[in-house]
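# Sequence isn't available, so here's the structure alone:
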């Protein structure tokens, strides 16, 4: 893993996605998988991939596609996937989940996270993670200077706000609509504090 983001790629690799909510095509996915696999300095080192971007940018879809591609490419029995949507402690919890990426999810000893029960609106079970197995963490707030230093590859997804809003509200409908402004404000705070695109090895315009 990188001891600091400065040891990563000076200029990120930039890909142009199709703007499709179903995710990038096979060509872009194959190129992204190649970039991700190429980053660990030690061939035996596990992959730790962070994917961040605004709500509706396509993080979850990309993570699922890349996970399948990496399983096939690496011949692994599993690639762990953590969605920060399972970690946010409610609609005001972006920063807390972002902090948990470093303090809980990527820590070397007994990593894991406390799952949030959105139906009951309360903390649920502890989900343990294998510190030796490949890992993808996706979600708004995944990329900070601290988390990037612990990752082997970092992807930022750039997408127009209007496009993101349409996708997110089409996906989550009435559940998200009343909270869009609250969530958007937290995203902007995260971006102002961390400039996550500046920590990325790869930028995907989608």
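Received it, and whenever you're ready, just let me know what you need. Note that the coordinates shown come from a computational prediction; the quantities given were computed from them, not determined experimentally. Numbers count the residues shown, from 1 in each chain.

# State the helix or strand in which the nearest residue to residue 64 once chain neighbours are set aside lies.
Among residues not flanking residue 64 along the chain, residue 81 sits closest, at 7.3 Å (C-beta to C-beta, 6 or more residues apart in numbering). Any C-beta I mention is one placed from the backbone N, CA and C, and that applies to glycine too. Secondary structure assignment for residue 81, by DSSP states H and E: strand 80-83.

# circling back: from what I see, the residue nearest to residue 64 and residue 142 are in contact.
No: contact criterion C-beta atoms under 8 Å: residue 81 and residue 142 do not qualify, at 11.9 Å.

# which of the two has more neighbours?
When residue 81 and residue 142 are compared for neighbours, residue 142 comes out ahead with 31 against 17, by other C-beta atoms under 10 Å.

# May I have the residues that are in contact with the closest residue to residue 125 other than its chain neighbours?
Closest residue to residue 125 apart from its sequence neighbours, by C-beta to C-beta, 6+ apart: residue 115 at 5.5 Å. Neighbour list for residue 115: 86-87, 123-127 [criterion: C-beta atoms under 8 Å, 6 or more residues apart in numbering].

# among these, who's most crowded?
residue 87 leads these on contacts (other C-beta under 10 Å) with 25 neighbours.

# Isn't it up against residue 99?
No: using C-beta under 8 Å, residue 87 is not in contact with residue 99; the gap is 10.1 Å.

# what sits opposite the residue positioned nearest the centre of the chain in the beta ladder?
Nearest to the mean C-alpha position of the chain, by C-alpha atoms, centre = their mean, lies residue 138 at 2.2 Å. Counting by DSSP bridges, residue 138 is bridged to residue 51, residue 83.

# mind checking pLDDT for it?
At residue 138, the pLDDT value in this model is 98.

# can you check residue 60 too?
pLDDT for residue 60: 92.

# tell me the secondary structure for it?
The assignment at residue 60 comes out as helix when based on DSSP: H, G, I helix; E, B strand; the rest coil.
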